[in-house]
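Colleague: how does the following fold in three dimensions:
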Amino acid sequence: MDTTHLFQQVFSQKPRAGIPTAAMKARHLTFCLGCLMLLCSVGCKKQSDRTAQLPVYTVQVEHPRWGEVAEYQEWLGALYGGSSAQIEPQVSGYVSQKLFGTGELVRKGQILYRIDPTRYEQALARARQQQEQAQANYDEARQNAAYYRPLVAGGSISRQTYTDAVQREHAAAAALEAAKANTDLARTDVEYCTLHAPIDGITGFAQADVGSYVSPQGAPMVLINSVDPISIHFSITSQEWLNQGGSRGALRPGAKLTLILPNGATFPAPATITGVDNMVNNTTGTLMLDAQAPNPDDLLRPGMFVRVRAQIVKPRKALLVPQQAVVSIQGKNMLLCVDAKERVTLIPVTTGLTQGNMVAVSGAVNERDLIITEGTQQGLMAASGRAEISFTAP
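Modeller: Below you'll find the predicted structure:
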C-alpha cells in the first residue's frame, strides 16, 4: 500500500461516537506526521548505505611534462679482443718457470715462461769457440796474403803461391761469417727459452705448466687477448642501413654507441664505430659493423654479448607521461584524468617514442591535466562508478 492511499483511508474515517471531530482530526494529523518522519528516515538510511558501500582508494597523480625524445634502435653485439696473440714455443724443451696466472692482466714484454736453456747455452758456448777459431784462421790467412803481396810483385815468389794465399784468405773469411751466423743462431735459441708477452692483455687458461715438454710443433702455450680497447661486432639488415642514411647516417664510422650489459646496466663509456664491412652477407642479408670501447678496468671480456644502442633520429620536444600511466582498453591507449572534484575521465591518446620510463603522448591532453600514474586499476573502477578516489595534488 502506498502513502497516498494510506492518507486517504485515515482522513476518510468517520468520527466515532463520543469523540469530538476536532480531536479526531488532531489524532489523524499526528499519525500522518509520524509516518512521514519514518519514511524520510528510511529513505535517508538507504541512500547513506549506498554511499558507504563505495570503496575509496588513494592514487598518485601528476601533470604531463614537456621533454625531448629521440628514436633509438638496438642490436645484439659480440665482444672480441682488440687483438690476440698465441704464445708458441720456438725451441723444444721442458718448462722451468711459469710466471703468470689465469686471467691475469699482463703487459707487453712481461716474462711469461722460461724453458730450460741448458743445452742451448752449451750450443752457444760451442758456437762462440768455433767463431774464435774461425777468426784466428782468417787473421792468419789475411796476414799471409798481405805478406805475399810485395813478394810476388818483386818476383820473389810465384804468382800461384800468392793466388793460393789470397784464396785461403777468402775461404777463412767465409768460414768466419758462417761461424758468426751459427753463434747468432745459438744466441737466438737461448733467447727463445724466455717467452715474453707480445701485447698488453689478459691471459687465458695455460696449456703448459712447469715440467711440460713443449716444441714448435705442439699446441700454443697460452692465449692473450687485448681488452683495452675492446671490439664489438654487430650486424644490421640492409634495410636498416638504408633507412638510417647509409655511410652518412647515424651508423657512420666515428658515430657513438651505447652499450647495454647483460645485467641491464649501461656501460659508462660510449663505443665508437670504427668500420663497416664492404658488402652485405648474401646468406643473412646483413651488414657487419665494428666498434671499439675503452675498457681500462677490464670489465668487458671477449665472448660476452651486449646490446648496442644507437640514436637514429635527433631529439625533439614531446609531452611525456610515465609509461605505467597509459592503460589499454579494447586496443586503445587511454589516460585517466582527474578533475578538481576527484572525478575520473578517460582520455584517448596516441603513444610515441620512449625516454627512459617516460613515453610521448598526443591527443586531448595538455600539461595542465592531472593524470593517474599509480593506481590505474582503481582509477578505472572510479571512472565506471564502482569506487571513489582521493589524491594529493602535486
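Colleague: so where's the protein uncertain?
Modeller: Scanning the chain for pLDDT under 70 picks out 1-52, 393-394.
Colleague: grab the most central residue of it for me.
Modeller: The chain has Ile260 as the residue nearest its centroid, 2.6 Å off, counting by CA atoms, centre = their mean.
Colleague: quickly list what that one is bridged to.
Modeller: Note on Ile260: beta-bridge partners by DSSP bridges are Thr266, Arg307.
Colleague: out of everything not next to it in sequence, what's closest to Pro294?
Modeller: Nearest-residue entry for Pro294: Ala269, 4.9 Å, with adjacent residues in sequence omitted and distances by CB to CB, 6 or more residues apart in numbering. Where C-beta positions appear, they are placed from N, C-alpha and C, glycine not excepted.
Colleague: list the residues that contact that neighbour.
Modeller: Listed by CB atoms under 8 Å, 6 or more residues apart in numbering, the contact set of Ala269 reads Ala293, Pro294, Asn295.
Colleague: for the first one, grab the count of nearby residues.
Modeller: If I follow you right, that is Ala293. 22 (other CB atoms under 10 Å).
Colleague: cool, the last one as well?
Modeller: Counted by other CB under 10 Å, the residues lying close to Asn295 total 20.
Colleague: and it, how far from Thr203?
Modeller: 16 Å (CB to CB, to the nearest Å).
Colleague: with Gly379 instead?
Modeller: Counting by CB to CB, the gap from Gly379 to Thr203 is 59 Å.
Colleague: show me which of the two is the more surrounded one.
Modeller: Looking at Gly379 and Thr203 with other CB under 10 Å, you find the greater number of neighbours at Gly379, namely 28 against 20.
Colleague: ramachandran angles for that one?
Modeller: Per-residue torsions, Gly379: phi -60, psi -40 (degrees, to the nearest 10).
Colleague: in the stretch 101-250 of the chain, which spans are helices?
Modeller: Secondary structure of the stretch 101-250 of the chain (DSSP state H, counting those that start in this stretch): helices located at 118-154, 159-192, 238-243.
Colleague: follow-up on the earlier one: quick check, the residue nearest to the centre of the chain in contact with Thr266.
Modeller: Yes - Ile260 is within contact range of Thr266, at 6.0 Å (criterion: CB atoms under 8 Å).
Colleague: what about Thr350, how many neighbours?
Modeller: 10.
Colleague: oh sorry, the question was meant for Gly82
Modeller: By other CB under 10 Å, the residues close to Gly82 number 18.
Colleague: ok, the residue lying closest to it once chain neighbours are set aside - contacts?
Modeller: Excluding the flanking residues, the one nearest Gly82 by CB to CB, 6+ apart is Ser226, at 4.3 Å. Ser226 makes contact with Gly81, Gly82, Ser83, Ser84, Ile199, Asp200, Gly201, according to CB under 8 Å, 6+ apart.
Colleague: one more: Val210?
Modeller: Contact analysis of Val210 by CB under 8 Å, 6+ apart lists Val95, Ser96, Gln97, Lys98.
Colleague: His63: which of the helices of the stretch 101-250 of the chain is closest?
Modeller: Nearest of the helices of the stretch 101-250 of the chain to His63, taken as CB to CB: helix 238-243 at 35.2 Å.
Colleague: which residues sit against the closest one?
Modeller: Under the criterion CB under 8 Å, 6+ apart, residues Gln73, Gly249, Leu251, Val280, Gly285, Thr286, Leu287, Ile312 lie in contact with helix 238-243.
Colleague: now these: which count as buried?
Modeller: Gln73, Leu251, Val280, Thr286, Leu287, Ile312 (16 or more other CB atoms under 10 Å).
Colleague: how much space between the fourth one and Val280?
Modeller: Read that as Thr286. Here the distance between Thr286 and Val280 works out to 7 Å (CB to CB).
Colleague: where's Gly275 relative to Leu251, distance?
Modeller: 11 Å.
Colleague: can you check which residues contact both of these two?
Modeller: Residues touching both Gly275 and Leu251 (CB under 8 Å, 6+ apart): Leu289.
Colleague: ok, now how distant is Arg248 from Val276?
Modeller: 12 Å.
Colleague: looking at these two, which has the bigger crowd around it?
Modeller: Counted by other CB under 10 Å, Arg248 and Val276 do not tie: Val276 has more neighbours, with 16 against 8.
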